[in-house]
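K.L.:
My questions concern the predicted model and sequence given below.
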Amino acid sequence: METKQKSPHNETMKWLEASLLEALFIAVLLTAPVDAESVDRLDDHICPGSAYVASNNTNVWTFFKDRSGPLTPEMRYINNVWGYAYWHPFQVGQTLYFRGKMQPGTHLFEFNILAGAAVDTEGVGQTLLCMQFGYRPDWTGFIKLSSKKNGQWSNTVQIDKSPLLPRQFFDLSIYAMEDRFEIRLNKKFLVEYTYQIGLDYFLYQNARKVDLDKVFIGGQIFQMPYSAAFPDGRFNFLDSIMLQAVAEKDFSINIINARNDVALKFSVNFAEKCVIRNAKVAGQWGEREKNGTFPFTAGDEFELQIFNTPLFFTYFVNGKHLGTFIHRAKSAELYPIEYYSTLEITGRVSLRHLSICKAKV
Ligand SMILES: *[C@@H]1O[C@H](CO)[C@@H](O)[C@H](O)[C@H]1NC(C)=O
Ligand SMILES: *[C@@H]1O[C@H](CO)[C@@H](O)[C@H](O)[C@H]1NC(C)=O
């Protein structure tokens, strides 16, 4: 059998071609204006696939069949900057979420919300918020927030002691209020930042010198108590309710079926420091279950995910498994199938983002 010999000349040519192409590619990016077509729309949820998302300040879900980017964000080269860049409108009531870790070999990483351009190039765009996480030579951290309006940096706020240790995973959430952002680090309140530039521009979000694990934006102004019909009247097996919210005091999440029974009442009780679970079957409340840990802190943000399965509901808080609740309706007629009518959230909780992740379309 004849095998084709690799010629060193060919190899060199290939390498040259590749690096020339790369140089050309960067040159094109450098000169071309960066616009919405060159960066992805930031995803509206963190579901792995399709999702129904509470949006538009109503209790009507918006369905997203496909994600616009992968679940784990990918870096790209834009205007000579290796980082992440997206566009997405940002409205009052919405939150921008980042989870990540500082890159090795650096002392500073940053996040930006820009108007008009995806990255900060001379003379282009305005910066609504530039948020920098820096470390001094002794590795004590600081955080700096600033805006750039008409080319001038302004409204700098410096936090001298950063609660974030270097090389630690962190969760950052930036919640848009009428006149300011409320910023949380690792779910805890960090700082408020008054807008120098409003939200009503074409907005971009970018990050650099950081490895991102998750990024998304969304949510709405939620009317409380919140109540929404399950899409198609179903909460299918392996689908999940994904909620981000700030706990203020006691609150409940209720999964209600078409007979007006409650398949799960999940009540967070701060006085007793427990999560009370119960169900109402054929009009009768059953026995309360309240064992297990209590992962909520008043004033902190949390992420709660509740899955439906053929035998039980199972729930996770901040990514940690909290418990399961075995379906109570067991007679043939009442056997828990996937038909549920309403998702209800009542009590003292500030909802930030709510979606239903679909296991399959
Ligand atoms: C709701 O918002 C989404 C984007 O989040 C948009 O695609 C959709 O068209 C909006 N729906 C309505 C009814 O305005
Ligand atoms: C609560 O107690 C039941 C019965 O002992 C047990 O099966 C279940 O795992 C416990 N739940 C939690 C969250 O500890």
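P.N.:
The structure has been received and is ready for your questions. Ligands and ions are numbered 1, 2, ... in the order given.
K.L.:
quick one: the helices in the protein?
P.N.:
Using DSSP state H, the helices found in the chain span residues 8-31.
K.L.:
how about the residues of it that lie near ligand 2?
P.N.:
Residues of the chain lying near ligand 2 by C-beta under 6 Å from any ligand atom: 291, 292, 323. Where C-beta positions appear, they are placed from N, C-alpha and C, glycine not excepted.
K.L.:
Can you add pLDDT and give those residues back as a markdown table?
P.N.:
Below are these laid out as a markdown table (pLDDT from 0 to 100):
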| residue | pLDDT |
| --- | --- |
| 291 | 96 |
| 292 | 96 |
| 323 | 97 |
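K.L.:
So which of these are in strands?
P.N.:
Counting by DSSP state E, these place residue 323 in strands.
K.L.:
how about low-confidence regions in this protein?
P.N.:
Scanning the chain for pLDDT under 70 picks out 1-37, 122-124, 331-335.
K.L.:
closest point of it to ligand 2, which residue?
P.N.:
Nearest to ligand 2, among the residues of the chain, is residue 292, at 2.9 Å (C-beta to the nearest ligand atom).
K.L.:
quick revisit: from the residues of the chain next to ligand 2, pick the one nearest ligand 1.
P.N.:
residue 323 (32.4 Å).
K.L.:
ok, how many other residues are close to the closest one?
P.N.:
Look at residue 323: counted by other C-beta atoms under 10 Å, it has 17 neighbours.
K.L.:
Grab the nearest non-local neighbour of it.
P.N.:
With C-beta to C-beta, 6 or more residues apart in numbering as the criterion, residue 323 has its nearest non-adjacent residue at 4.8 Å, and that residue is residue 292.
K.L.:
residue contacts, the closest residue to ligand 1 within the chain?
P.N.:
Using C-beta to the nearest ligand atom, the single residue of the chain nearest to ligand 1 is residue 56, 3.9 Å away. Shown in contact with residue 56 (C-beta atoms under 8 Å, 6 or more residues apart in numbering): 62, 220.
K.L.:
Could you do residue 276 as well?
P.N.:
For residue 276, the contact set (C-beta under 8 Å, 6+ apart) comprises 265, 266, 267, 269, 288, 289, 290.
K.L.:
Contacts only, for the nearest residue in space to it that is not next to it in sequence.
P.N.:
Spatial nearest neighbour of residue 276, chain neighbours left out: residue 267 (4.4 Å); criterion: C-beta to C-beta, 6+ apart. Residues counted as contacts of residue 267 (C-beta under 8 Å, 6+ apart) are 250, 251, 252, 275, 276, 277, 278.
K.L.:
Ok, residue 248 next?
P.N.:
Contacts for residue 248 were tallied using C-beta under 8 Å, 6+ apart; they are 298, 299, 348, 349, 350.
K.L.:
returning to what we had before: tell me, how many residues neighbour the residue nearest to residue 323?
P.N.:
Residues near residue 292, counting by other C-beta under 10 Å: 12.
K.L.:
for residue 272, same thing?
P.N.:
The tally of other residues near residue 272 (other C-beta under 10 Å) stands at 12.
K.L.:
Could I get the phi/psi values of the spatially closest residue to it that is not a sequence neighbour?
P.N.:
Leaving aside its sequence neighbours, residue 272 sits nearest to residue 290 (C-beta to C-beta, 6+ apart; 7.2 Å). For residue 290, the backbone dihedrals are phi -140, psi 10 (criterion: degrees, to the nearest 10).
K.L.:
what's the offset of stretch 59-78 from the middle of its chain?
P.N.:
10 Å (C-alpha atoms, centre = their mean, to the nearest Å).
K.L.:
Residue 253: how many residues sit nearby?
P.N.:
By the criterion of other C-beta under 10 Å, residue 253 has 22 neighbours.
K.L.:
again with the one 4 residues further on
P.N.:
As a burial measure, residue 257 scores 22 neighbours (other C-beta under 10 Å).
K.L.:
got it, and residue 59?
P.N.:
Using other C-beta under 10 Å, residue 59 has 16 neighbouring residues.
K.L.:
got a list of what it touches?
P.N.:
Residue 59 touches 223, 226, 227, 228, 229, counting by C-beta under 8 Å, 6+ apart.
K.L.:
List the residues that contact the first one.
P.N.:
Same thing as residue 223. Residue 223 neighbours (C-beta under 8 Å, 6+ apart): residue 59.
K.L.:
how near is it to residue 288?
P.N.:
Residue 223 sits at a distance of 28 Å from residue 288 (criterion: C-beta to C-beta, to the nearest Å).
K.L.:
And for the fourth one?
P.N.:
In this structure, residue 228 and residue 288 are 25 Å apart, going by C-beta to C-beta.
K.L.:
These two: who's more crowded?
P.N.:
Shown here are residue 228 and residue 288; by other C-beta under 10 Å, residue 228 has more neighbours (18 against 12).
K.L.:
That one touches residue 61, doesn't it?
P.N.:
Yes - contact criterion C-beta atoms under 8 Å: residue 228 and residue 61 qualify, at 6.9 Å.
K.L.:
For the closest residue to residue 329 other than its chain neighbours, grab the count of nearby residues.
P.N.:
Leaving aside its chain neighbours, residue 329 sits nearest to residue 281 (4.9 Å; criterion: C-beta to C-beta, 6+ apart). A count of nearby residues for residue 281, using other C-beta under 10 Å, gives 19.
K.L.:
quick revisit: could you dump the contacts of residue 276 to JSON lines with distance to ligand 1?
P.N.:
Converted to JSON lines, the contacts of residue 276 look like this (distance: C-beta to the nearest ligand atom, whole Å):
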{"residue": "265", "distance to ligand 1": "30"}
{"residue": "266", "distance to ligand 1": "27"}
{"residue": "267", "distance to ligand 1": "30"}
{"residue": "269", "distance to ligand 1": "34"}
{"residue": "288", "distance to ligand 1": "38"}
{"residue": "289", "distance to ligand 1": "37"}
{"residue": "290", "distance to ligand 1": "38"}
